[in-house]
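Asks: Quick one: sequence plus predicted model below, questions after.
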Amino acid sequence: MAMRWIFFLIIMPTLFAADKIQIKHLELKILNGVKNGAAYVGIYNGNSYAVNLYKVKVDPEVFDRIELHDHVPRTDENNTHYFEMIEIPEIEIAPGSTIFLQKGGKHLMLMGIQPAFCSYKKLSFNFFFRSEKGNFIKQASADISNKKRCSQ
Ligand SMILES: [Cu+2]
C-alpha cells in the first residue's frame, strides 16, 4: 500500500505538468531540393512554473536530427547587420505564457531530410521538457500528406 502511494506521488506531478502544456499549429516548412527544413509551432505552458524544451524527436525518424535554433543579430567588418542562425541548448517557456517558434525567431530545424520522408503522411513529434517538477514528454502530430517535394 505504501509503495502505491510513493509511486503516485512521484509520477503524478509530471503527468499534470504535461497536461497543462498545449502544442498548437505545428507546421513543417520543407522546400523542394533543400537538405534541411524547419518546423514552426506555438507552445503554451499552463503550469505555475517555467518549463524548458530541450529536445524534439520525430517518429518515424525521417530526419538525421532536430535542432533548436535561434536567430541572433550580428555585425560584420563592413558594419553590415545580419542575422545568424545558431543552435541553442533549450527554450524556456514562462508560466502561463505561449512561445511561438517561427520564421526569423526561435524555431525547430529539421536537419538532413531523408528519402523516407516521402513514405509517410503523418509524423509524430515528441517534445521533451524539463522543469522543477521533473521531466516529461508531450506529443503532437504533423500532417505531411501534401508534399510538393515528393511529387516527381
Ligand atoms: Cu535553423
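Replies: Thanks, I have it.

Asks: Up against the ion, what does the chain have?
Replies: For the chain, the contact set with the ion under CB under 5 Å from the ion comprises 69, 85, 109. Yep, even glycine has a C-beta here, placed from its N, CA and C like the rest.

Asks: Let's see that with 6 Å instead.
Replies: Among all residues of the chain, those adjacent to the ion (criterion: CB under 6 Å from the ion) are 38, 69, 85, 107, 109.

Asks: State the pair within the residues you listed that is farthest apart.
Replies: In terms of CB to CB, the residues of the chain next to the ion reach their longest pairwise distance at Ala38 and Met85, which sit 9.8 Å apart.

Asks: Overlap of the contact sets of those two?
Replies: Contact criterion CB atoms under 8 Å, 6 or more residues apart in numbering; residues shared by Ala38 and Met85: Met109.

Asks: Compare the two and say which is more crowded by neighbours.
Replies: Taking neighbours as other CB atoms under 10 Å, Ala38 and Met85 compare with Ala38 leading, 18 against 12.

Asks: Apart from its chain neighbours, what residue comes closest to the more buried one?
Replies: On the basis of CB to CB, 6 or more residues apart in numbering, the spatially nearest residue to Ala38 that is not a chain neighbour turns out to be Lys29, at 4.6 Å.

Asks: Fine by me, we can end here.
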